[in-house]
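Peer 1: Quick one, what's the 3D model for this:
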Amino acid sequence: MHRLHPFVAGTVSLGLIAYMAGLVWDASFGTIVMIPPLLGALISCLICRWRPGFDANGWTLLAVAVMANPVVLLALVETSIEWRCMLTSGAAGTCAIIGVAYWLIAMGVLLPLGGLAWRWWKRRPAR
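Peer 2: A predicted model of the protein is given here:
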């Protein structure tokens with residue numbers, strides 16, 4: 001049986017922890033906002049395995065993991081389409097989807113950061 005690379009293990013572990021926390025907070029929130037970034041993080045881990053590789057520099061791996069996540073890309077497209085919602089504060093009903101897009105972008109960045117932190121923890125010398 002193959003072991004998971006620490007970057008993948010950290011990304012998936014943080015995604016599952018965030019999913020469980022989202023379920024405790026609100027079941028529909030956990031399902032809508034946490035499952036797509038977790039699936040997108042798995043896709044970006046597959047892409048990161050191919051290029052640049054899991055042993056690349058942290059900033060390179062983070063950039064590729066965030067930009068290879070299809071959920072982050074779709075959320076960025078949604079925020080660029082609904083750019084007027086960022087400028088106005090009174091249109092709460094019509095701009096509710098932007099709040100979900102912000103959560104998706106934040107989770108798309110947070111999950112690879114967890115993977116990088118776990119990779120750093122595993123690579124540091126034992127004392």
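Peer 1: if I look at the residue nearest the centre of the chain, how far off is Arg84?
Peer 2: Nearest to the geometric centre of the chain sits Gly108, at 2.0 Å (CA atoms, centre = their mean). To Arg84, Gly108 is 23 Å away according to CB to CB, to the nearest Å. (Each C-beta comes from the backbone N, C-alpha and C, glycine too.)
Peer 1: cool, and Leu14?
Peer 2: For Leu14, the distance to Arg84 - CB to CB - is 33 Å.
Peer 1: Among these two, which residue is more densely surrounded?
Peer 2: Leu14 (21 against 11; other CB atoms under 10 Å).
Peer 1: Next secondary structure after the one helix or strand that one maps to?
Peer 2: Using DSSP states H and E, Leu14 sits in helix 6-25. Using DSSP H and E, the helix or strand that directly follows helix 6-25 along the chain is helix 27-29.
Peer 1: Extract the C-alpha trace of the lowest-mean-pLDDT helix or strand in the chain and format it as CSV.
Peer 2: Lowest by mean pLDDT, DSSP states H and E among the helices and strands of the chain is helix 84-87, with a mean of 81. Provided in CSV are the C-alpha atoms of helix 84-87 (Å, rounded to 0.1, in the frame of the first residue of the first chain):
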residue,chain,number,x,y,z
ARG,A,84,-20.9,45.3,-8.9
CYS,A,85,-21.8,43.4,-5.7
MET,A,86,-18.4,44.2,-4.3
LEU,A,87,-19.0,47.9,-4.7
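Peer 1: which other helices and strands contact the helix or strand just after it?
Peer 2: Going down the chain from helix 84-87, the next helix or strand is helix 96-123, by DSSP H and E. Contacts defined by 3 or more CB pairs under 8 Å, 6 or more residues apart in numbering; DSSP states H and E place helix 96-123 against helix 6-25, helix 35-50, helix 58-67, helix 70-81.
Peer 1: where does this structure dip in pLDDT?
Peer 2: 1, 89-93, 127 (pLDDT under 70).
Peer 1: Can you tell me how far the residue nearest to Thr79 when sequence neighbours are not counted is from Leu74?
Peer 2: Once flanking residues are discounted, Thr79 sits nearest to Ala101: 5.2 Å by CB to CB, 6 or more residues apart in numbering. Counting by CB to CB, the gap between Ala101 and Leu74 amounts to 8 Å.
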